[in-house]
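> what's the 3D shape of this:
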Amino acid sequence: MTGSPGTPDRREGGRIRRPARVLWAVALLVCPLSAAGALEPAGQEPSGPAGTEPSAGAGTPEVPAVSEPSGQAAGSAEAASEGAAYAISLSESIERALRRNLDIAVRRITPDITAALVTREEAVFDSSLDFITLADESSEPTSSTLGGADVITDETRSLEVQYNDPLPSGGRYRLMLRGLRSETNSAFATVNPSFFSQWELSFSQPLLKNFGLNANRTRLEVARNSHAMSRSDFRQTVLQVVSDVEKAYWELAFRILDLEVKNQSLELAQDLLRLNRTKVQVGTLAPIEITQAEAGVADREEAVIVAQNEIRNAEDRLKRLMGPPSDPIWALTLRPMEEPPFDESIPELQGSLELAMQHRPDLERARLNLQTREVEYRLARNQRRLDLQLDASYGARGLAGEFTDCRDPSGVSLGAIDQAFFTAAECALAGGTPVSVENDFSDAARQARERDADTWRVGLNLKVPLGNRDARSRYIAARLTREQAEIELRQQEQTATVEVRQSVRQIETDIKRVKAARVNSRLQKEKLEAEQKKFENGISTSFNVLEFQEDLAQARSRENLALVDYNKSRAEMQRVLGSLSADRDIGLRP
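Here you go, the predicted structure:
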């Protein structure tokens, strides 16, 4: 097992290197035998502080006192210093991360932003109702008697209502209603005040460039694809966070298991130290064996300290995924309540590849990106056409107001006075009688409604860009961008294929690792038991026993690591397939 960061690896070729211990043992062997006499006799209380072991005495290198605290107690004290221990399940860890993880919180907002952009593009086709009012008054002096007054004053009041409706085909129609009242002091005004009413329905439609749904819904389709891509990014973030939580959870479980292994190894070394002291006191073992055992205890205590620190680091990694430092979970000492499971089933490669192609968010995003480039390419191709516009309109008008009518004795109108039909004198000569007529705006509106005076217009407007280099260059760029998106999709599919194949192989490898590590742990235990019996019979040394104890501890650590790596590989496999949400029953709606 590789040592922790900052701690040099003490293994080479599968064996533990202890050059310092070897040199120490050689130095002690060449020391005067008075070193043995410096040891305190059996039954005497240690001369050092309470809880410390006796020193080796004068003539031997000074060895720091080795305390013998229980590893379990040390771990409990550490837990108490940081906060109450809290047993947490994997599902609870994932649930907390889904609610409080900052990466998810950031990514969750993006679909809401893109949804607003979709609404903005849909609003392009919204209808509008416009109201336009006008009040105008002007005075102008005249230099001719034909003006009808010395100063001509005109007053105008109008109200216009327009309903505009853009069409998905690129066209637009408009319904316009207008009412106007005009009054003047000119003597030559026939109808004064006058009321004018008009309605008009107009329609315009591109026939070549900008014609059709594809050309006019491009921005809307791009916005919708961007919204779908943001949801894919959100799913990708959730899958990554859930996978990271599961890996961090099992990493914390491994660190705790590894501390237990280190504590067990420390207890074995302490047992050996106590046994050696007893044998030295009765004279059946050389004093050098005590030093060797003390060095082994010190080495195991250092390993326990490093393992405890690794637990705290693993806790922080898991807590970071579950929420910000303000979350109450940071005040607790986390302890996984689940043991790493082991299932020897290996995923089927072809089925896994098909599942990944269907569910991976990055592939979904790449396909949406290709759709966007295809839509933009269609628009660029449309923009190369000529700009031909159809314009058509139809409407009617009505006029009413106050004027003088010339009527015969029977009441039949002969014509309006001051118009081309009659003057006042001609009305009298014709035997008519001038009659004042007053009409209001409703009469003008009735005339417009009944289309007494209608009008229509139809026209074509053609614009021919010379060279059209802008549209051509945009078309070339859109075509190349679409080809690039196709290649990127194939690239993503290739990456997905490689990741799935590697994940399947990794699971298969981890299964074999777990089985081999379990066998190795069993054999290392049997080897240690045999070496301990040899030591008890005096045909082995403390160095060999400590070496075999370390081998057993390393084997158990590798077994735990292999089991945790297997579960990490399972989590990574689910992320690679894009199916982690389905397996964990996680809803991914932002």
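
> which helix in this protein runs the most residues?
Taking DSSP state H as the assignment, the helix of the chain that covers the most residues is helix 469-536.

> helices and strands around that helix, which ones?
Under the contact definition 3 or more CB pairs under 8 Å, 6 or more residues apart in numbering; DSSP states H and E, helix 469-536 sits against helix 349-359, helix 361-382, helix 542-577. (C-beta placed from N, C-alpha, C; glycine too.)

> Let me know which of these is the nearest to Ala496.
Distance to Ala496, taken as CB to CB, is lowest for helix 349-359 among these, at 5.0 Å.

> helices or strands up against the closest one?
Using 3+ CB pairs under 8 Å, 6+ apart, the elements in contact with helix 349-359 are helix 469-536, helix 542-577.

> before we move on, back to that, which of the helices and strands packed on helix 469-536 sits closest to Ile290?
It is, among the helices and strands packed on helix 469-536 and with distance given as CB to CB, helix 542-577, at 8.3 Å.

> could you give the angle of the closest one to helix 469-536?
Note on geometry: by axes from the mean of the first three to the mean of the last three CA atoms, to 10 degrees, helix 542-577 and helix 469-536 are set 150 degrees apart in direction.

> Now do helix 542-577: which elements does it pack against?
Partner elements for helix 542-577 (3+ CB pairs under 8 Å, 6+ apart): strand 15-16, helix 218-282, helix 288-322, helix 349-359, helix 469-536, helix 580-583.

> Need these in TSV (columns: mean pLDDT, mean neighbour count and distance to Leu177).
Written out in TSV, the entries for those read as follows (pLDDT from 0 to 100; neighbours: other CB atoms under 10 Å; distance: least, CB to CB, whole Å):
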stretch	mean pLDDT	mean neighbour count	distance to Leu177
strand 15-16	35	13	97
helix 218-282	93	21	31
helix 288-322	93	21	63
helix 349-359	93	15	56
helix 469-536	94	16	39
helix 580-583	56	17	56
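
> Could you export these as a markdown table, including distance to Gln554?
Below are these laid out as a markdown table (distance: least, CB to CB, whole Å):
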| stretch | distance to Gln554 |
| --- | --- |
| strand 15-16 | 8 |
| helix 218-282 | 9 |
| helix 288-322 | 10 |
| helix 349-359 | 34 |
| helix 469-536 | 8 |
| helix 580-583 | 33 |
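
> Quick one: closest of the ones you listed to Phe342.
In this view, the helices and strands packed on helix 542-577 are compared for proximity to Phe342 by CB to CB, and helix 469-536 is the closest at 6.2 Å.

> what bits of the stretch 101-250 of the chain have low per-residue confidence?
Filtered on pLDDT under 70, the stretch 101-250 of the chain yields the residue ranges 143-149, 186-191.

> which residues in it form helices?
Secondary structure of the stretch 101-250 of the chain (DSSP state H, counting those that start in this stretch): helices at 102-122, 213-216, 218-282.

> With distance to Pro141 added, can I get the ones you listed in a markdown table?
Putting the helices of the stretch 101-250 of the chain into a markdown table (distance: least, CB to CB, whole Å) gives the following:
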| stretch | distance to Pro141 |
| --- | --- |
| helix 102-122 | 54 |
| helix 213-216 | 54 |
| helix 218-282 | 56 |
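
> ok, now which ones touch the closest residue to Tyr163 other than its chain neighbours?
Leaving out its chain neighbours, the residue that sits closest to Tyr163 by CB to CB, 6 or more residues apart in numbering is Leu175, at 4.5 Å. Residues near Leu175 by CB atoms under 8 Å, 6 or more residues apart in numbering: 162-163, 199-201.

> same thing with Ala471?
380, 383-384, 465 are the contacts of Ala471 under CB under 8 Å, 6+ apart.

> 10 Å instead, please
Counting by CB atoms under 10 Å, 6 or more residues apart in numbering, Ala471 touches 209, 380-385, 465.

> from the residues you listed, which single one is nearest Ala84?
Closest to Ala84 out of the contacts of Ala471 is Ala380 (64.1 Å), distances taken as CB to CB.

> Show me the longest strand that occurs in this structure.
strand 387-407 (DSSP state E).

> which one of the helices and strands packed on helix 542-577 lies closest to Thr333?
Smallest distance to Thr333 across the helices and strands packed on helix 542-577 (CB to CB): 7.1 Å, for helix 288-322.

> Can you name the element that comes right after that closest one?
Using DSSP states H and E, the helix or strand that follows helix 288-322 in sequence is strand 333-336.

> And that following strand, what's buried?
Neighbour counts using 16 or more other CB atoms under 10 Å place 333-334, 336 of strand 333-336 among the buried residues.

> What pairs with it, parallel or antiparallel?
Within its sheet, strand 333-336 is paired with strand 85-88 (parallel), according to DSSP bridges.

> Only C-alpha atoms, please: export the strand it pairs with in PDB.
Written as PDB, here are the backbone C-alpha positions of strand 85-88 (Å, rounded to 0.1, in the frame of the first residue of the first chain):
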ATOM      1  CA  ALA A  85     -19.800  11.200  16.100                       C
ATOM      2  CA  TYR A  86     -22.600  10.900  13.500                       C
ATOM      3  CA  ALA A  87     -23.300   7.600  11.700                       C
ATOM      4  CA  ILE A  88     -24.300   8.500   8.200                       C
END
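
> What mean pLDDT does that strand get?
Within the predicted structure, the mean pLDDT of strand 85-88 is 91.

> Can you tell me what sits against it?
Strand 85-88 is touched from outside by 75-76, 79, 92, 96, 249, 252, 318, 322, 328-329, 331-338, with contacts defined as CB under 10 Å, 6+ apart.

> rewinding a little: quick check: beta-bridge partners of the residue nearest to Tyr163?
Tyr163, Leu201.

> next one: the one 4 residues further on
In this entry, Gly179 is beta-bridged to Leu159, Ser197, by DSSP bridges.

> That one and Arg373, how far apart?
The spacing between Gly179 and Arg373, counted by CB to CB, to the nearest Å, is 51 Å.

> Of the two, give the one with the bigger neighbour count.
Just comparing Gly179 and Arg373: by other CB atoms under 10 Å the higher neighbour count belongs to Arg373, 22 against 19.

> ok, now which ones touch that one?
222, 225, 478-486, 488.

> Is it possible to get a markdown table of those residues that adds distance to Leu134?
Putting the contacts of Arg373 into a markdown table (distance: CB to CB, whole Å) gives the following:
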| residue | distance to Leu134 |
| --- | --- |
| Val222 | 41 |
| Asn225 | 45 |
| Ala478 | 46 |
| Arg479 | 51 |
| Leu480 | 53 |
| Thr481 | 49 |
| Arg482 | 51 |
| Glu483 | 56 |
| Gln484 | 55 |
| Ala485 | 53 |
| Glu486 | 57 |
| Glu488 | 57 |
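
> about what we covered before: tell me which of the helices of the stretch 101-250 of the chain lies nearest to Leu563.
helix 218-282 (8.0 Å).
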